[in-house]
Structure formats: C-alpha cells, structure tokens
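Colleague: Using only what follows, build the 3D model:
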Amino acid sequence: MERALTIRNHLNPLHCSRISSALLDNRQWPNWHRGAKALVTQKAGLITADNIITLQQIIKGALVETTWLVESVENGGNFDEIVFKFIEQNRNERPTAKGISNYRVSITILTKDGGGVEIHSVWQSKGFAKLISRNNAAFVRANAEALLEDLSAIK
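Modeller: Here you go, the predicted model:
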C-alpha cells in the first residue's frame, strides 16, 4: 500500500527565488542542508535528471550515507520541481532503512504571490516493516519536516 505525505510553507516570491537557486545548485547544499555536511555527486553544479547524490553525515559517531537519484527536474516560469528517488541508506557501510521502498520526495517551489515550498513524499513499506509502518511514516515525516525547515531558513 502506497502512503503519502505533503507539507508546505507559504513564502514570498523573492525568498522562494533564493530557495530555488540554492536547491538547484548542489554545490550550495552544505550551506543550508543539515544532512549534507559532505556531499558526493556525479556532477557538481546545477542538478540534472539521472544524477546520483550521496549525502554524508556523522550521527552518534557513525558515518551515515544516504543516496538519492534525481528522477526529474522541471523548470517553469513561476516554479521549479525536483523529484528524488531514495536508493539506499548505509550506516558504517551497513544497509539501514531496508523496510521502505519506492520512496520519492518531490520538492516544488512556486515563485509568485501566494507561493512557497511544498514537499510531497510517497513510499511503501516492505517485508516485516509492513507490521510497523508507523516507523516508516515517522522517518518520512522527520525527513520532510527537516528539509522544509532547512529550505525555509535560506536567506
């Protein structure tokens, strides 16, 4: 069963433009993304479809690497949208987050009056994790809320 979560923050157009610039250039991610203190990517600079991005951080003394595939990047007159697909997460080179599948995060930035930032996440629980799917929902919610908070804090 597919689950979904959408959260948003209404912001002024100028603020949204700055957010869009910071999001679309992965070289800027360590400046605003709390989970991207170190970043490994196939191509530095403007994010393009099919790019793989690995975020590295130290949590409780352990290296945590989270890998995402950029599925699509859409640019319109008043909006930008990026869709990321979760590939894997490793803690000290051991797989974690194995109970979640088809996890995608869509970030939409609307740069006009009444616009803002929206984060839409979809995922499925797999295997034994279906019995404790609340843990996956909490994982997805925490990721989305942290991302929205980080993006909204860009000045």
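Colleague: CA atoms for contacts and neighbours, from now on please.
Modeller: Fine.
Colleague: Excluding sequence neighbours, find me the nearest residue to Arg22.
Modeller: Quick fix: residue 22 reads Ala, not Arg. Gln28 (5.7 Å; C-alpha to C-alpha, 6 or more residues apart in numbering).
Colleague: State whether the one you found is indeed within a helix.
Modeller: Yes: Gln28 forms part of a helix when assessed by DSSP: H, G, I helix; E, B strand; the rest coil.
Colleague: measure it to Tyr103 for me?
Modeller: 24 Å (C-alpha to C-alpha, to the nearest Å).
Colleague: Name the residue in these two with the higher neighbour count.
Modeller: Tyr103 (20 against 16; other C-alpha atoms under 10 Å).
Colleague: And the average pLDDT for the host helix or strand of that one is what?
Modeller: Using DSSP states H and E, Tyr103 sits in strand 100-110. Taken as a whole, strand 100-110 carries a mean pLDDT of 96.
Colleague: in its sheet, what does it sit against?
Modeller: strand 79-91 (antiparallel), strand 116-125 (antiparallel) (DSSP bridges).
Colleague: Show me what it is in contact with.
Modeller: Here strand 100-110 makes contact (C-alpha atoms under 8 Å, 6 or more residues apart in numbering) with 13, 16, 19-20, 78-86, 115-126, 129, 136.
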